[in-house]
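1. Got a predicted structure here, sequence first:
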Amino acid sequence: MLSARSLLRSRTSVCNQLRACLSARSSKEYYYNDRYEPGESQFEKILIANRGEIACRVMQTCKRMGIKTVAVHSEADAGSRFVHMADEAVCVGPAPTAKSYLNMEAILNAVKSTGAQAVHPGYGFLSENTVFAKKLEDMNVVFLGPNSTAIRSMGDKIESKRIGAKAKVNCIPGFDGEVDEDKAVKIANEIGYPVMVKASAGGGGKGMRIAWNDKELAEGYRLSRQEAKASFGDDRMLIEKFIDKPRHIEIQVLCDKHGNALYLNERECSIQRRNQKVIEEAPSVFLDPATRRAMGEQATALARAVGYDSAGTVEFLVDAKRNFYFLEMNTRLQVEHPITECITGIDIVHQMIRVGKGHKLLHKQEDIPVDGWGVECRVYAEDPYKAFGLPSVGRLTSYVEPLHIEGVRCDSGITEGSEISIYYDPMICKLVSYGDNRDEALGIMAKALDNYVIRGVTNNIPLLRDIVLEKRFVSGDITTNYLPETYPDGFQGTVLSESEISNLAAVGAAVNLKAALRQHTILPGDAGKNNCGPFHLVVEVPDVAPVKCSVEIKTCAKGNKYYEVTIDHYEMPKKVAGQEEPKEALKPSVSKPVVVKVADNFSLADHLIDQELNGENVTLQLRSRDNAGNVTLQYLGTQFPLTIRDEKAAALESAFTLPKKVIDYSSVLIAPMPGLVTSVSVKVGDKVTEGQEMCVLEAMKMQNSMSAGRSGIVKTVSFKTGQTVSEGDVIVELE
């Protein structure tokens, strides 16, 4: 049976107004099921009280509807994409969020000066601020979110659980009141470890810690409270039983001001690090129709109980037996809403605007399909090799989104030249793939990640690419513990198979040879007949034994040139007398000779190298190269720095090069990311023990405890509380 989406691809009757949203393909794929009454009243001007990708997303729907938009921005964001997209723009302060995007009075003044009739808050910042919503109501300006009473009730985790219990929503065992540190320890021992301590007003993974004993609870309480104060201005904490190895599944709800409440099915959000989502998908591979219906009915019951009247998300934890427990309600547009739009065909932002204007929802519950599959990868400016993603900063020197691939949507707020700074969330893009089934959606996602060109900032594409085709993830056997269980030693990069090593080495050899021939750096006697080889090269791939590549340049029957690369194991020569041999010889990378044909279809200036290698379509990225035979290729998401030498040069280098010295970093505390030092707990002369906290570093409003790598005496402390550090700065040094 064809899905509604498959049928829609051939339809020509899609509304022209819908087609204008993003592109003809995107509008047909996403908004085929959106509903409104022709000629219904609408706002003339909407102010978006947010920045980046979500501001762009809201503006896209506004432009489709013919509504003028106003952007508010910080001084640092003056040249940003969302500012240029808007019809008007107002600067509301300097870069720090407290002085700009959280500057309520400045934003309210912008509403007055521009005559905006409504405000869409996006997510984060003031989106769940009851004072802001109430002040807009007092100004007769529509807040495009739920009413302030609903925000207050659901934003307070303590109150929301009380309301949920009355509405017969399944709740997690815990204490439904705020706690101090001493009371938290007492309650934790009564409930039984592990427990979750978290901010009453929290969200987005901030202000949350898991504790397995009294010591961890005391430390987690302190750090979570600091994060809550910095992020939400509210440091009240609560405590509840932590459900080990659950799934995190949420229900999208949509309600109007006339008592109608719908659930737009679920999103699976179990792939997380530090309680923040990394990959989401809709629907969940785990839910059956009965559980989906039960969760949806409880979510809408909760929404009705609180008088909810906009889009919102009810989050649940689901155990292995499909028992589900209410976690919290996010009273705003959720980051991952695009994948719900994938499977329902509804423009959620459009419906939020309609509801804000007072219109009824035109859908019934039976009109909400589960049509196809959507997957979202959050592409962040983060180093995935550090705790699965610590923030990175920099300027995007090259940036190309993979929109040429069918079934791909990119929700981003940046362009080439944009800067990722320490002041804001490090998200680059919400990369979405969609298909008729999960396998298709994951395959499209893998291809999109391979084709996504990002230069200038470290990003988490290596981790995302590895996950989407990882065996356990593909099987659907996932929980919120997926990352530490799948990568117990942290993410180390993609581990290549023998055939993948051959593919990587062959393309690297072809790139190196193409550059050498262009620059005439090959001796005439080494170029063979008509400069076509064979060329004898040695390719060193990180962490595996080097391979020998014999390359010949040939021409196929159609007249196209290609490189025929014969790959074999390379036997390293013995070290010269007096030099120590490696303690452990690397296992051969290839077990037998293999031939790989690399088409000469790329230039040395290209970012992407598309190849068909032994019947498999492969996309690599040329990250860098130099005249010394160093070529870095991105393959399967991971960057591989290759060292490529003529066989004679490789033999001499191997025989005479001294082994690299191993540097001991345990004596220094190095900043793993740029950030703000919020506290320093040691001074010169102090004795510290291994694992003892020495300082706390705040990055992107997350508090990171930095501890000693060994026991010793503090020799120097280079930074004070309130100072900023760059990645790699030495904060504390031990004797």
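-> Perfect, I can see it now. Numbering: from 1, shown residues only.
2. For the longest strand anywhere in the chain, which strands pair with it and how are they oriented?
-> What stands out as the longest strand in the chain, according to DSSP state E, is strand 261-273. Strands that pair with strand 261-273, judged by DSSP bridges, come out as strand 247-255 (antiparallel), strand 276-282 (antiparallel).
3. How far away from the center of its chain is it?
-> How far strand 261-273 lies from its chain's middle: 16 Å, per C-alpha atoms, centre = their mean, to the nearest Å.
4. what do you get for stretch 300-319?
-> On C-alpha atoms, centre = their mean, the centre of stretch 300-319 falls 25 Å from the chain's centre.
5. Now do it, average pLDDT.
-> The average pLDDT for stretch 300-319 rounds to 97.
6. Next, the buried residues of it.
-> Going by neighbour count (16 or more other C-beta atoms under 10 Å), the buried part of stretch 300-319 is 300, 302-303, 305-306, 308-318. Bear in mind the C-beta positions are built from the backbone N, C-alpha and C, glycine included.
7. Among those residues, which one lies nearest to residue 702?
-> residue 315 (19.5 Å; C-beta to C-beta).
8. Longest helix in the protein, by number of residues?
-> helix 498-519 (DSSP state H).
9. what's the offset of the following helix or strand past that helix from the middle of its chain?
-> The helix or strand immediately downstream of helix 498-519 is strand 535-540, counting by DSSP states H and E. Strand 535-540 has its C-alpha centroid displaced from the chain centroid by 37 Å (C-alpha atoms, centre = their mean).
10. any idea how far residue 234 is from residue 506?
-> 57 Å (C-beta to C-beta, to the nearest Å).
11. Geometrically speaking, which residue is the centre of the chain?
-> Centrality entry for the chain: nearest residue to the mean C-alpha point is residue 378, 2.5 Å, by C-alpha atoms, centre = their mean.
12. The helix or strand encompassing residue 696 pairs with which strands, and in what direction?
-> Taking DSSP H and E as the criterion, residue 696 maps to strand 693-699. Applying DSSP bridges to the sheet, strand 693-699 is found paired with strand 675-680 (antiparallel), strand 702-707 (antiparallel).
13. Could you list the low-confidence segments of the stretch 551-700 of the chain?
-> 574-585, 658-660, 700 (pLDDT under 70).
14. Now, the buried residues of stretch 300-319 that are in strands?
-> For the buried residues of stretch 300-319, secondary structure assignment (DSSP E) places 311-318 in strands.
15. for the stretch 201-350 of the chain, what are the low-confidence residue spans?
-> 202-205.
16. can you give me the helices in the stretch 151-300 of the chain?
-> 157-166, 181-191, 214-232, 289-305 (DSSP state H, counting those that start in this stretch).
17. Please, which helix or strand holds residue 710?
-> Using DSSP H and E, no helix or strand contains residue 710.
18. Hmm, it is touching residue 735, no?
-> No. Counting by C-beta atoms under 8 Å, residue 710 stays clear of residue 735, with 10.9 Å between them.
19. what residues are shared contacts of the two?
-> Listed as contacting both residue 710 and residue 735 by C-beta atoms under 8 Å, 6 or more residues apart in numbering are residue 667.
20. Could you check which of the two has the larger neighbour count?
-> residue 710 (13 against 10; other C-beta atoms under 10 Å).
21. Pull up the distance across stretch 672-692, start to finish.
-> End-to-end distance for stretch 672-692: 17 Å, by C-alpha to C-alpha, to the nearest Å.
22. likewise stretch 99-119?
-> End-to-end for stretch 99-119, by C-alpha to C-alpha: 19 Å.
23. now it: how far from the chain's centre is it?
-> Using C-alpha atoms, centre = their mean, the offset of stretch 99-119 from its chain centre is 29 Å.
24. What average pLDDT does that stretch get?
-> 98.
25. So what touches that stretch?
-> Against stretch 99-119 from outside (C-beta under 8 Å, 6+ apart): 43-51, 70, 72-75, 88, 90, 92-94, 125-126, 129, 131-132, 135-136, 139, 141-144, 353, 356-357.
26. for stretch 692-701, same thing?
-> Contacts of stretch 692-701 (C-beta under 8 Å, 6+ apart): 206, 219, 223, 226-227, 230-231, 390-391, 422, 424-426, 669, 671, 673-682, 688, 703-708, 714, 719, 725, 731-732.
27. do stretch 559-570 as well
-> With C-beta under 8 Å, 6+ apart, stretch 559-570 has contacts from 502, 505-506, 509-510, 513, 538, 545-556, 588-601, 650.
28. likewise stretch 292-303?
-> 163-164, 167-170, 249, 251, 253, 255, 261-263, 265-266, 283, 287, 308, 312, 314, 316, 324, 326, 329.
29. Drop anything exposed from these.
-> 163-164, 167, 169, 249, 251, 253, 255, 261-263, 265-266, 283, 287, 308, 312, 314, 316, 324, 326, 329.
30. Please say which of residue 506 and residue 234 ends up with more neighbours.
-> In terms of neighbours (other C-beta under 10 Å), residue 506 is the more surrounded of residue 506 and residue 234; the figures are 27 against 16.
31. That one reaches residue 598, doesn't it?
-> Yes. With contact defined as C-beta under 8 Å, residue 506 counts as touching residue 598 (5.3 Å).
32. what's the overlap in contacts for these two?
-> With C-beta under 8 Å, 6+ apart, residue 506 and residue 598 have common neighbours 563, 565, 613.
33. where's the first one, which helix or strand?
-> So the one you mean is residue 563. Here residue 563 is assigned to strand 561-569, by DSSP H and E.
34. and that strand, how far out from the chain's middle?
-> Counting by C-alpha atoms, centre = their mean, strand 561-569 comes out at 37 Å from the chain centroid.
35. Run me through the strand neighbours of it, direction for each.
-> strand 547-555 (antiparallel), strand 594-599 (antiparallel).
36. how near is residue 133 to residue 342?
-> Counting by C-beta to C-beta - residue 133 and residue 342 are separated by 29 Å.
37. what angle separates the longest helix of the chain from strand 535-540?
-> Inter-element angle recorded for helix 498-519 and strand 535-540: 130 degrees (by axes from the mean of the first three to the mean of the last three C-alpha atoms, to 10 degrees).
38. Buried residues, helix 498-519. List them.
-> For helix 498-519, by 16+ other C-beta under 10 Å, it's 500-517.
39. Filter the contacts of stretch 559-570 down to the buried ones and hand me the ChimeraX line.
-> In ChimeraX, this line selects whichever of those come out buried by 16+ other C-beta under 10 Å:
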select :502,505,506,509,510,513,538,545,546,547,548,549,550,551,553,588,589,590,594,596,597,598,599,650
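40. follow-up on the earlier one: counting contacts, what elements does the longest helix of the chain pack onto?
-> strand 535-540, strand 547-555, strand 561-569, strand 594-599, strand 608-613, strand 616-625, strand 630-635, strand 638-646 (3 or more C-beta pairs under 8 Å, 6 or more residues apart in numbering; DSSP states H and E).
41. okay, the angle between it and strand 616-625?
-> Going by the same axes, to 10 degrees, helix 498-519 makes 50 degrees with strand 616-625.
42. May I have the beta-bridge partners of residue 675?
-> Residues in beta-bridge contact with residue 675 (DSSP bridges): residue 725.
43. could you measure it against residue 278, distance?
-> 20 Å.
44. Please report the distance of residue 678 from residue 221.
-> From residue 678 to residue 221 the distance is 16 Å (C-beta to C-beta).
45. Have a look at these two and say which one is more surrounded.
-> More crowded of residue 678 and residue 221, by other C-beta under 10 Å: residue 221, with 23 against 17.
46. I figured the more buried one hits residue 238, correct?
-> No. Using C-beta under 8 Å, residue 221 makes no contact with residue 238, being 10.9 Å away.
47. Right, I'll call it a day here.
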